[in-house]
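Participant: Need coordinates for the following:
(one chain, ligands or ions: 1)
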Amino acid sequence: MEDPSRLFRAAADHAADYRRSLPDRPVGAPLDDAALVDAFAGPLPSAPSPPEQVLADLLAAAEPGLVASAGPRYFGFVVGGALPAATAADIVAAGWDQLATNAVTSPAAVAAEAAAGAWLKQLLGIPAWASVGFVTGCQAANTVGLAAARHRVLADAGWDVERRGLLGAPRIRVIAGDERHATIDRSLRLLGLGTDVVEPVPADPNGAIDLAGLREVLRAGSPGPTIVCLQSGNVNTGACDQLREACELVHRHGGWVHVDGAFGLWAGASPATRHLVDGLDLADSWACDGHKWLNIPYDSAFAFCAHPDVHAAAMSYTAAYLVGSGGVPVGAELTAESSRRARGFAVWAGLRELGSDGVAALVDRCCALARRFAESLTSAGFEVANEVVLNQVLVSFGDDARTDQVVAAVQADGTCWAGGTTWRGRRFMRISVSNATTTEEDVDRSVAAIVRVAA
Ligand SMILES: *Cc1c(COP(=O)(O)O)cnc(C)c1O
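Facilitator: Modelled structure (predicted):
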């Protein structure tokens, strides 16, 4: 076998050069789609190619189509950057090529997930006894959490859903906020519950679930298997549901509480924002992303469950053998994958790099920068529509058409990137501050560009 040293070094050097270029790179530069497609297209060669040539061709083909979303002035969707130690860990994880299914296939991968999982629970305020599945994204984490919920509420009704499926099963009630994330609906589809099952609850003025509304919906239906989806971090406004009151209410009705906290759960990692997720320890399952606010490279997320036996019973494909064996479920027993990549190394490294103080500082800094955006754009005469409780800012530049025009023009300008969104029937620019490298100067430069473009 050839020595891969030069090849791997070239790849790592390129990654480092790219990272260094991020602060100065146009964000979302204009793109010739056809040329990009052509650069990758063509017939599959029949003959092998030297790996160095393949790498060089890949770098050349991809370059014009890369989005500087890991950079400090990308405010689209809720996209985080990638911490240096976490990135380095992912580079070696690719080199190690570990199969993170269990402690036989990779003891190191499982040990890293165990350590990182314990740190995550401590930081977020999730009970220490909870199980943690390392998954691809919050979509997957919602599916795992709701699969556990489905198992438990049906088991309580005397029905083994893993064996018997949903045909003929007792009816499950699913209650969720009007402003839930769309991935909740897809998880319900995948779990055979469908989206029509959702009994929606209205939102309060800033987009959190309305507690009186939740009480009413709970009361209106018959008792029985009930799952309630709550949210920490409305994807438009950042609003967080009042978890303590909501959890107590749902548990009085015998229901299961799942919290979708893709980015908002990180409020729990800072004393300044912890009140926004007060009572989160009362929930039954939680979904949270690593690749958003924690700045772990894609893909990385966590499915936590307060009932590890339920978690394993719902997800493990050897559940019958495991449950009751007394073993602690690990790796693939807590996720929907069998073979899986070792995501724990990057999470472990990112958390070690920041420390708990660093995580709190990251959350505080992003929130402060979001407020800076809101204050500057308000001073410039534009409307900020949400109460900026976390890292999300919704800005209007006039009517819907005008706002869409400004969003498109800001994207074309390339100083920064923010997306458009519809909230309560109106169009807004959505600014999400989720990158560990964003500075006040980046915000000021971005505001100046937005104001210039809007004029
Ligand atoms: C981003 C997000 C999701 C989906 O997460 P992915 O990591 O994209 O799978 C779910 N819920 C909320 C609230 C989100 O912000």
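
Participant: any idea whether residue 427 is helix, strand or coil?
Facilitator: What DSSP: H, G, I helix; E, B strand; the rest coil gives for residue 427 is strand.

Participant: before we move on, what about the one 4 residues further on?
Facilitator: Going by three-state DSSP, the secondary structure assigned to residue 431 is strand.

Participant: gap between it and the ligand?
Facilitator: Remark: distance between residue 431 and the ligand (C-beta to the nearest ligand atom, to the nearest Å) = 14 Å. Bear in mind the C-beta positions are built from the backbone N, C-alpha and C, glycine included.

Participant: wait, doesn't that residue sit right on residue 373?
Facilitator: Yes - if you go by C-beta atoms under 8 Å, residue 431 and residue 373 touch, sitting 5.4 Å apart.

Participant: list residues touching both of those two?
Facilitator: residue 393 (C-beta atoms under 8 Å, 6 or more residues apart in numbering).

Participant: which residue ranges form the helices in the stretch 301-450 of the chain?
Facilitator: Applying DSSP state H, counting those that start in this stretch to the stretch 301-450 of the chain gives helices spanning 308-315, 319-322, 344-379, 400-413, 440-454.

Participant: Mean pLDDT lowest where, among these?
Facilitator: For the helices of the stretch 301-450 of the chain, mean pLDDT drops lowest on helix 319-322, to a mean of 46.

Participant: In terms of helices and strands, where is residue 155?
Facilitator: Element membership for residue 155, per DSSP states H and E: helix 138-156.

Participant: about what we covered before: which of the helices of the stretch 301-450 of the chain sits closest to residue 40?
Facilitator: For the helices of the stretch 301-450 of the chain, distance to residue 40 was read as C-beta to C-beta. The smallest value, 23.4 Å, belongs to helix 400-413.

Participant: who does that closest one touch, helix- and strand-wise?
Facilitator: Contact partners of helix 400-413 among helices and strands, from 3 or more C-beta pairs under 8 Å, 6 or more residues apart in numbering; DSSP states H and E: strand 419-423, strand 426-432, helix 440-454.

Participant: Which positions in the second one come out as buried?
Facilitator: By neighbour count, and taking 16 or more other C-beta atoms under 10 Å as the criterion, the buried residues in strand 426-432 are 427, 428, 429, 430, 431, 432.

Participant: will you turn these into CSV that also has pLDDT?
Facilitator: Listed next are those as CSV, based on pLDDT from 0 to 100:
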residue, pLDDT
427, 98
428, 98
429, 98
430, 98
431, 98
432, 98
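
Participant: From these, pick the one nearest residue 171.
Facilitator: For the buried residues of strand 426-432, the nearest to residue 171 is residue 430 (36.8 Å; C-beta to C-beta).

Participant: Was I right to think that closest one contacts residue 386?
Facilitator: No - contact criterion C-beta under 8 Å: residue 430 and residue 386 do not qualify, at 9.5 Å.

Participant: Please tell me I have it right and residue 346 contacts residue 87.
Facilitator: Yes - using C-beta under 8 Å, residue 346 is in contact with residue 87, at 7.5 Å.

Participant: Compare the two and say which is more crowded by neighbours.
Facilitator: Comparing residue 346 with residue 87 by other C-beta atoms under 10 Å, the one with more neighbours is residue 346, at 31 against 22.

Participant: Identify the residues contacting that one.
Facilitator: By C-beta under 8 Å, 6+ apart, the neighbours of residue 346 are 86, 87, 89, 90, 93, 290, 296, 297, 300.

Participant: now residue 450
Facilitator: Contacts for residue 450 (C-beta under 8 Å, 6+ apart) come out as 377, 406, 410, 416, 418, 429.

Participant: Could you list the residues in contact with stretch 181-197?
Facilitator: Applying C-beta under 8 Å, 6+ apart, the contact partners of stretch 181-197 are 138-139, 142-143, 146-147, 150, 165-166, 172-174, 176, 198, 229, 231, 235, 260, 262.

Participant: Narrow those residues to just the buried residues.
Facilitator: 138-139, 142-143, 146-147, 150, 166, 172-174, 176, 198, 229, 231, 235, 260, 262.

Participant: Out of those, which are close to the ligand?
Facilitator: Taking C-beta under 6 Å from any ligand atom as the test, the ligand is in contact with 138, 139, 235, 260, 262 out of the buried ones among the contacts of stretch 181-197.

Participant: Greatest separation within those residues: which pair is it?
Facilitator: With C-beta to C-beta as the measure, no two of these lie farther apart than 139 and 235, at 12.4 Å.

Participant: Show me which residues of the protein sit near the ligand.
Facilitator: Neighbours of the ligand within the chain, by C-beta under 6 Å from any ligand atom: 78, 137-139, 181, 183, 233, 235, 260, 262-263, 289, 301.

Participant: Tabulate those residues in CSV, adding columns for pLDDT.
Facilitator: Listed next are these as CSV, based on pLDDT from 0 to 100:
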residue, pLDDT
78, 97
137, 98
138, 98
139, 98
181, 98
183, 98
233, 98
235, 98
260, 98
262, 98
263, 98
289, 98
301, 98
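
Participant: Dump these to a markdown table, plus distance to residue 159.
Facilitator: Formatted as a markdown table, those follow (distance: C-beta to C-beta, whole Å):
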| residue | distance to residue 159 |
| --- | --- |
| 78 | 37 |
| 137 | 30 |
| 138 | 28 |
| 139 | 26 |
| 181 | 28 |
| 183 | 26 |
| 233 | 33 |
| 235 | 33 |
| 260 | 25 |
| 262 | 30 |
| 263 | 35 |
| 289 | 32 |
| 301 | 29 |
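
Participant: And stretch 170-181, end to end?
Facilitator: Counting by C-alpha to C-alpha, to the nearest Å, you get 26 Å between the two ends of stretch 170-181.

Participant: Which residues lie in contact with the most centrally placed residue in the chain in this structure?
Facilitator: Taking C-alpha atoms, centre = their mean as the criterion, residue 289 is the residue nearest the geometric centre of the chain, at 3.2 Å. Contact analysis of residue 289 by C-beta under 8 Å, 6+ apart lists 78, 80, 137, 138, 141, 262, 263, 300, 301, 302.

Participant: Of these, which is the nearest to residue 314?
Facilitator: Looking at the contacts of residue 289 and their distance to residue 314, the nearest is residue 141, at 13.0 Å (C-beta to C-beta).

Participant: nearest spatial neighbour of the closest one, skipping sequence neighbours?
Facilitator: Distances taken as C-beta to C-beta, 6 or more residues apart in numbering put residue 287 closest to residue 141, at 3.4 Å, once the chain neighbours are dropped.

Participant: where's the one you found, which helix or strand?
Facilitator: strand 285-289.

Participant: Could you spell out the sheet neighbours of that strand, each with its direction?
Facilitator: Under the criterion DSSP bridges, strand 285-289 sits next to strand 256-260 (parallel), strand 301-305 (antiparallel) in its sheet.

Participant: Thank you kindly, that will do.
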